[in-house]
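Colleague: sharing a sequence plus its predicted fold:
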Amino acid sequence: MFNELKSELTSKMSKAIEILKREFSGLRTGRASVNLLDGIKVSAYGSDTPLSQVASLSVPDARTLSVSVWDKGMIDSVMKAIIESELGLNPQNNGTLIRIPLPSLTEERRKDLVKTASSYAENCKTSIRNVRRDGMDVIKTAEKNKEISEDDRKSFETQIQDLTDKNTKEIDEINNKKANEIMEI
């Protein structure tokens, strides 16, 4: 019984960390990355389509993104989607290719991004704690129903807490790495 519960809790905690990593990939740092454009949807063929499904994305240098739209009739839609994305980007269209120069981040903007990253990390920790609480509830209910002994309950709770601590530490490490990446000039 406990092994199934432990693998379920591990899976849920891993998913929470994967979501955090995905959120972090959308945060702008000093370096160009195609992940910055992941959340952009383009109005194409009657529906909102991810930018990566209508164009090739590349990083020609550390401060520039390049978008090569496959259907040249969609260049205006792609330009509009990038401008409206609230990423503060100013795309330039040369007719066949969209170049996006990334301006340097101001100190104030860097600090705001670090705060946002910390907020994402805190939300992830809350998710981890909720998973831990659910696991603890299952263990306590099993003890109450005489399915496990008190010693087993204590042992299982310790293992769940260790799993929680390990994942919380990983979140802190990911957050610190992202903060350093953002503050790097």
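Modeller: That came through fine. No experiment lies behind these values; they were computed from the predicted model shown.
Colleague: quick one: the strands in the chain?
Modeller: 41-44, 47-50, 55-61, 64-69, 92-93, 98-101 (DSSP state E).
Colleague: and the ones you listed: which comes nearest residue 10?
Modeller: Residue 10 sits nearest to strand 47-50 of all these, at 29.8 Å, using Cβ to Cβ. From N, CA and C alone the C-beta is placed, and that goes for glycine too.
Colleague: longest single helix anywhere in this structure?
Modeller: helix 107-144 (DSSP state H).
Colleague: and it, what does it pack against?
Modeller: Where contact means 3 or more Cβ pairs under 8 Å, 6 or more residues apart in numbering; DSSP states H and E, helix 107-144 is packed against helix 2-25, helix 150-183.
Colleague: quick one: closest of the ones you listed to residue 94.
Modeller: It is, among the helices and strands packed on helix 107-144 and with distance given as Cβ to Cβ, helix 2-25, at 27.4 Å.
Colleague: got the buried residues for that closest one?
Modeller: 2, 5, 9, 12, 13, 16, 17, 20, 23, 24 (16 or more other Cβ atoms under 10 Å).
Colleague: for residue 153, see how far away the spatially most distant residue from the centre of the chain is.
Modeller: Computed with Cα atoms, centre = their mean, the residue of the chain farthest from its C-alpha average is residue 146, at 41.2 Å. Counting by Cβ to Cβ, to the nearest Å, the gap from residue 146 to residue 153 is 11 Å.
Colleague: shared neighbours, those two?
Modeller: Overlap of the contact sets of residue 146 and residue 153 (by Cβ atoms under 8 Å, 6 or more residues apart in numbering) is empty.
Colleague: ok, the nearest residue to residue 38 once chain neighbours are set aside - contacts?
Modeller: Nearest in space to residue 38, with sequence neighbours left out and distances taken as Cβ to Cβ, 6 or more residues apart in numbering, is residue 26 at 5.8 Å. Counting by Cβ under 8 Å, 6+ apart, residue 26 touches 35, 36, 38, 39.
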